[in-house]
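Participant: Generate a structure from the sequence data that follows.
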Amino acid sequence: MNKYILTEFLELENDSSLLTEDERTLNASGKELILAGRLQKADTKNGNGRIYPKKILQREVENYKKLVSEKRALGEIDHPESSVIELKNASHIVSFIEMRNDEVIGKLRILDTPAGRIAKDLIRGGVKLGVSSRGLGSTKEQNGETIVQDDFQLICFDLVSEPSTTGAFLFKEHKNHNIFTKSDRIYRALNDILMEGD
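Facilitator: All right, here's what the predicted structure looks like:
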């Protein structure tokens, strides 16, 4: 089965109640810009007509926590047509992620990089940005629904501006792109084995 770049748009409803007092203070002082809210939702048809089963999103959130803990959970402005995160285009880093019921909740810290400064200027200028997951995987039609399959691998969360009706693109992925190190693949395999026991 062919894997594709799967991108999904959600309007970023910044939920400051998810921030700590220190994070709110940093935001208020202008020293940092930390956004928090829902990043993805399971078992619900999204604006692109795809459904992500909860079991798959739970597994990917657990895998993604390793990148968060290692401070490697970067994202970009807009969606590139690649599974590779370009460091020169990094605008933010995910500092926290977890599954709450059927929602993926997270915090994004905007970086002081050229792309990050663009994001800050847009946000502080009142532009409403969205958050969009980027991953590699395949889909299958089942009972008239497009279901994301078990081979899905979450790559990152990007900041985007497109409305949800036109904000998703499906790109055929080149087979030679692999963003995961050997250590990442072992970690993912162990998580798969552990989650099968649940």
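Participant: Please name the bridge partners of the closest residue in space to D15 that isn't next to it in sequence.
Facilitator: Nearest residue to D15, sequence neighbours excluded (CB to CB, 6 or more residues apart in numbering): G37, at 4.5 Å. The C-beta positions use only the backbone N, C-alpha and C, and glycine is treated the same way. Here G37 sits in beta bridges with G106, as judged by DSSP bridges.
Participant: what's stretch 98-118 in contact with?
Facilitator: 18-19, 23, 32-44, 54, 57-58, 61, 65, 75-77, 89-97, 119-120, 123, 131, 157, 159 (CB atoms under 8 Å, 6 or more residues apart in numbering).
Participant: repeat that with 6 Å
Facilitator: Among residues not part of stretch 98-118, those counted as contacts by CB atoms under 6 Å, 6 or more residues apart in numbering are 33-36, 38-43, 54, 58, 61, 77, 89-97, 119-120.
Participant: What strands line up against the one helix or strand I93 maps to, and which way round?
Facilitator: Counting by DSSP states H and E, the element that carries I93 is strand 90-100. Sheet pairing for strand 90-100, assigned by DSSP bridges, gives strand 74-76 (antiparallel), strand 103-110 (antiparallel).
Participant: Could you point out which of the ones you listed sits nearest Q149?
Facilitator: When the strands paired with strand 90-100 are compared for distance to Q149 using CB to CB, the nearest one is strand 103-110, at 18.1 Å.
Participant: What average pLDDT does the helix or strand following that closest one get?
Facilitator: Helices and strands here follow DSSP H and E; after strand 103-110, the next one along the chain is helix 114-124. Averaged across helix 114-124, the pLDDT comes to 92.
Participant: just stretch 67-74 next, same as before
Facilitator: Here the mean pLDDT over stretch 67-74 is 96, rounded to a whole number.
Participant: Ok, stretch 39-47 next?
Facilitator: Per-region confidence: stretch 39-47 scores 87 on mean pLDDT.
Participant: Distance across that stretch, terminal residue to terminal residue?
Facilitator: Chord length of stretch 39-47, first to last residue, is 14 Å (CA to CA, to the nearest Å).
Participant: again, but for stretch 44-64
Facilitator: The stretch stretch 44-64 measures 21 Å between its terminal residues, going by CA to CA.
Participant: likewise stretch 15-33?
Facilitator: With CA to CA as the measure, what separates the two termini of stretch 15-33 is 13 Å.
Participant: what kind of secondary structure is the residue nearest to V104 when sequence neighbours are not counted in?
Facilitator: With CB to CB, 6+ apart as the measure, Q40 is the residue that lies nearest to V104, at 4.0 Å, once sequence neighbours are left out. Under DSSP: H, G, I helix; E, B strand; the rest coil, Q40 falls in the strand class.
Participant: Count the residues that sit near N2.
Facilitator: N2 has 9 neighbouring residues, counting by other CB atoms under 10 Å.
Participant: show me what contacts it?
Facilitator: So N2 contacts nothing (CB under 6 Å, 6+ apart).
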